[in-house]
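In: heads up, no residue letters with this:
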């Protein structure tokens with residue numbers, strides 16, 4: 001059974017991932033205490049855990065805020081994610097079991113249905129399942145957990161309008177196909193390269209991230225298109 005602190009923490013994480021709490025938004029300590037019928041102590045403990053994960057920034061005498069990364073920090077996080085996902089794809093290719101191969105092929109086929117329909121919401125979920133299959137095949141829980149934590153920090157940027165849209169879905173699924181083909185052929189280096197390219201979404205990913213962050217500073221809608 002989850003502790004009160006864990007339930008509060010998961011609630012804040014969900015709000016960040018859905019965009020209910022956006023980067024830079026202040027966390028309502030009093031409101032959370034009332035929502036969970038608790039004192040403020042469990043709220044503060046939950047926020048401290050999130051601060052340790054880089055999701056929250058605590059400003060003395062000002063309050064607790066959803067962390068708002070700079071453009072340079074965003075670039076660094078996406079670069080790191082792309083490299084880690086590449087390592088996972090390499091390990092998964094070397095370690096995947098027969099059952100894992102079937103799960104990988106099935107996850108890719110399931111996503112194909114949503115890609116064909118241009119069903120963005122369903123594809124995003126299928127995309128998440130696809131990557132989870134790769135993580136499981138890699139059999140490295142520590143590395144997978146690091147990736148999941150980083151994805152949590154980046155989730156809001158995938159949720160914003162334009163980051164994964166109808167136009168991006170077919171190319172994303174095609175990139176998944178390159179990963180699957182390499183993994184099933186036992187080509188670990190090729191799988192790593194394909195996954196790295198997929199997560200960074202091509203050579204213009206870094207430039208797009210900087211433009212997105214700059215647009216956010218003035219309240220504009222970002223124009224970049226990302227997927228992982």
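Out: That came through, no problem. This one's a predicted model, so the numbers in the text were calculated from it and none came from an experiment.
In: chain neighbours aside, what residue packs nearest to residue 112?
Out: Spatial nearest neighbour of residue 112, excluding adjacent residues (CB to CB, 6 or more residues apart in numbering): residue 173 at 6.3 Å. From N, CA and C alone the C-beta is placed, and that goes for glycine too.
In: how far away is residue 32 from residue 44?
Out: Look at residue 32 and residue 44: by CB to CB, to the nearest Å, they are 10 Å apart.
In: for the chain, which spans come out with low pLDDT?
Out: Residue ranges of the chain with pLDDT under 70: 157-165, 202-228.
In: domain ranges for it?
Out: 4-66, 71-217 (automatic domain parsing).
In: buried residues in stretch 78-89?
Out: For stretch 78-89, burial by neighbour count (16 or more other CB atoms under 10 Å) applies to 78, 79, 81, 82, 84, 85, 86, 87, 88, 89.
In: same question for stretch 176-194.
Out: Neighbour-count burial for stretch 176-194 flags 176, 178, 179, 180, 182, 183, 188, 190, 191, 192, 193, 194 (criterion: 16+ other CB under 10 Å).
In: can you give me the end-to-end span of that stretch?
Out: Terminal residues of stretch 176-194 are spaced 8 Å apart (CA to CA, to the nearest Å).
In: and the gap between the residue nearest the centre of the chain and residue 85?
Out: Computing the C-alpha centroid of the chain and ranking residues by CA atoms, centre = their mean puts residue 151 first, at 2.8 Å. With distances taken as CB to CB, residue 151 is found 9 Å from residue 85.
In: repeat that for residue 195.
Out: To residue 85, residue 195 is 5 Å away according to CB to CB.
In: what's the overlap in contacts for these two?
Out: Common contacts of residue 195 and residue 85, defined by CB atoms under 8 Å, 6 or more residues apart in numbering, comprise residue 134.
In: show me where the chain has its helices.
Out: Taking DSSP state H, the helices of the chain run over residues 4-18, 29-35, 40-52, 71-95, 98-117, 120-138, 141-159, 168-184, 188-200, 205-217.
In: contact partners of the fifth one?
Out: In other words, helix 98-117. Contacts to helix 98-117, defined as CB under 8 Å, 6+ apart, come from residues 92, 96, 122-123, 126-127, 129-130, 133-134, 136-137, 169-170, 172-173, 176-177, 180, 183-184.
In: my read is that the residue nearest to residue 112 contacts residue 122, right?
Out: No. Contact criterion CB atoms under 8 Å: residue 173 and residue 122 do not qualify, at 11.9 Å.
In: more neighbours, these two?
Out: For residue 173 versus residue 122, the count of surrounding residues by other CB atoms under 10 Å is larger for residue 173: 20 against 16.
In: contacts only, for the more buried one.
Out: Neighbour list for residue 173: 108, 111, 112, 115, 123 [criterion: CB under 8 Å, 6+ apart].
In: distance to residue 4 for those - can I get that in TSV?
Out: Below are the contacts of residue 173 laid out as TSV (distance: CB to CB, whole Å):
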residue	distance to residue 4
108	40
111	37
112	42
115	41
123	35
